[in-house]
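J.: Any chance you can model this:
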Amino acid sequence: MRDQYVGDVTDVLKYALLRTLVGDDLTLGVAWYYVPKNDGRPDGRHREWREQEGWKSLDAEVYDALSSDELRTVEAVMAAPFWPRGTVFDSTAVPQSNGRKSWADTVVAKLSGQRVVFLDPDTGVGEPSERHVSLTELAAFHATGATVVFISFPERRRHDLLVEELHQLVLRQTKCATVATLRTTVRVPYGIPLTGWVPRARWFTIVEPGEVLSERLKAFNDKLGTVPYVRAQLCEGG
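T.: Predicted coordinates:
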């Protein structure tokens, strides 16, 4: 996660989802996988959601908070009013080279005890880097007893095969019994001036959600069907 991404349409999706999963009865931990530098990409500029009917009905508190132009850094968003009570954050920067294991161990320990833990790397699961959560780290978070949720931005190849590969990878590495991925696609504008709309995929994978979180995930998936420019599909494995 980088400051340049704060307030993007992805933020609306992920914070609304987390609030739905955690509700009033669970606790949340957030590992930002924070990278303080701007990567020079145009990602994070899609704020058209503020003018599109339907997003507020997804989660009015998230909508109102993120609509502010002042909420444009990770530090600022951590102070937003919509987080579940008792949310624990880790925003220490991802190490560039040495010290990755020590850094990861510290983050895992800090968030240990939270019922749901969200991992927010730039890209998803992969080799240890500033853009990825590693499979070893994913397994370590899962071993604390938390339900782990992580975001990924899938490659542009057949997604039905890709989600199956992702699920098999997670099942093998974490030894969990079940896994589910909420596949969302949001249409965003491109071109200056605007020349069209393109789909952008954002996936949210939940490691061993259990009965309660599975029901909440299904309810969120259904609610996304009322939001314009969004398609959602829930895929389960195990």
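
J.: Taking the centroid of the protein, which residue is nearest it?
T.: Ile151 (3.7 Å; Cα atoms, centre = their mean).

J.: For it, give me phi and psi.
T.: When read as degrees, to the nearest 10, the backbone of Ile151 gives phi -100, psi 150.

J.: ok, what's across the strand from it?
T.: In this entry, Ile151 is beta-bridged to Phe204, by DSSP bridges.

J.: got the buried residues for stretch 88-106?
T.: In terms of neighbour count (16 or more other Cβ atoms under 10 Å), stretch 88-106 has its buried residues at 88-91, 94, 100, 103-104. Where you see a C-beta, it was placed from the backbone N, CA and C, and this is true even at glycine.

J.: Verify the contact between Lys14 and Trp203 for me.
T.: No: taking contacts as Cβ atoms under 8 Å, Lys14 lies outside contact range of Trp203: 10.8 Å.

J.: so what sits against both of the two?
T.: Counting by Cβ atoms under 8 Å, 6 or more residues apart in numbering, the residues touching both Lys14 and Trp203 are Ile151.

J.: still on that earlier bit, sort out which of the buried residues of stretch 88-106 are in helices and list them.
T.: Those of the buried residues of stretch 88-106 mapping onto helices are 100, 103-104, per DSSP state H.

J.: can you redo those as TSV with pLDDT and distance to His159?
T.: Conversion of those to TSV gives the following (pLDDT from 0 to 100; distance: Cβ to Cβ, whole Å):
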residue	pLDDT	distance to His159
Arg100	93	30
Trp103	96	32
Ala104	96	29
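
J.: ok, of those residues, which one's closest to Gly29?
T.: Ala104 (13.8 Å; Cβ to Cβ).

J.: ok, now which ones touch the closest one?
T.: Counted by Cβ under 8 Å, 6+ apart, Ala104 has contacts 134, 136-137, 140.

J.: tell me which of these is nearest to Leu71?
T.: Of those, the one sitting nearest to Leu71 (Cβ to Cβ) turns out to be Glu137, at 27.8 Å.

J.: which helices and strands does the helix or strand where that closest one lies pack with?
T.: Assignment of secondary structure by DSSP states H and E places Glu137 within helix 135-143. Judged by 3 or more Cβ pairs under 8 Å, 6 or more residues apart in numbering; DSSP states H and E, helix 135-143 is in contact with helix 100-111, strand 116-119, strand 147-152, helix 159-174.

J.: Pull out the CA atoms of the longest one and give them to me as PDB.
T.: Below are the C-alpha coordinates for helix 159-174, written out as PDB (Å, rounded to 0.1, in the frame of the first residue of the first chain):
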ATOM      1  CA  HIS A 159      -9.300 -15.800 -14.400                       C
ATOM      2  CA  ASP A 160     -11.200 -19.000 -13.900                       C
ATOM      3  CA  LEU A 161      -7.900 -20.900 -14.000                       C
ATOM      4  CA  LEU A 162      -6.100 -18.300 -12.100                       C
ATOM      5  CA  VAL A 163      -8.400 -18.300  -9.100                       C
ATOM      6  CA  GLU A 164      -8.200 -22.100  -9.000                       C
ATOM      7  CA  GLU A 165      -4.400 -21.900  -9.000                       C
ATOM      8  CA  LEU A 166      -4.500 -19.300  -6.300                       C
ATOM      9  CA  HIS A 167      -6.800 -21.400  -4.100                       C
ATOM     10  CA  GLN A 168      -4.600 -24.500  -4.500                       C
ATOM     11  CA  LEU A 169      -1.500 -22.500  -3.600                       C
ATOM     12  CA  VAL A 170      -3.100 -21.100  -0.500                       C
ATOM     13  CA  LEU A 171      -4.600 -24.500   0.600                       C
ATOM     14  CA  ARG A 172      -1.200 -26.200   0.200                       C
ATOM     15  CA  GLN A 173       0.800 -23.500   2.000                       C
ATOM     16  CA  THR A 174      -1.400 -22.700   4.900                       C
END
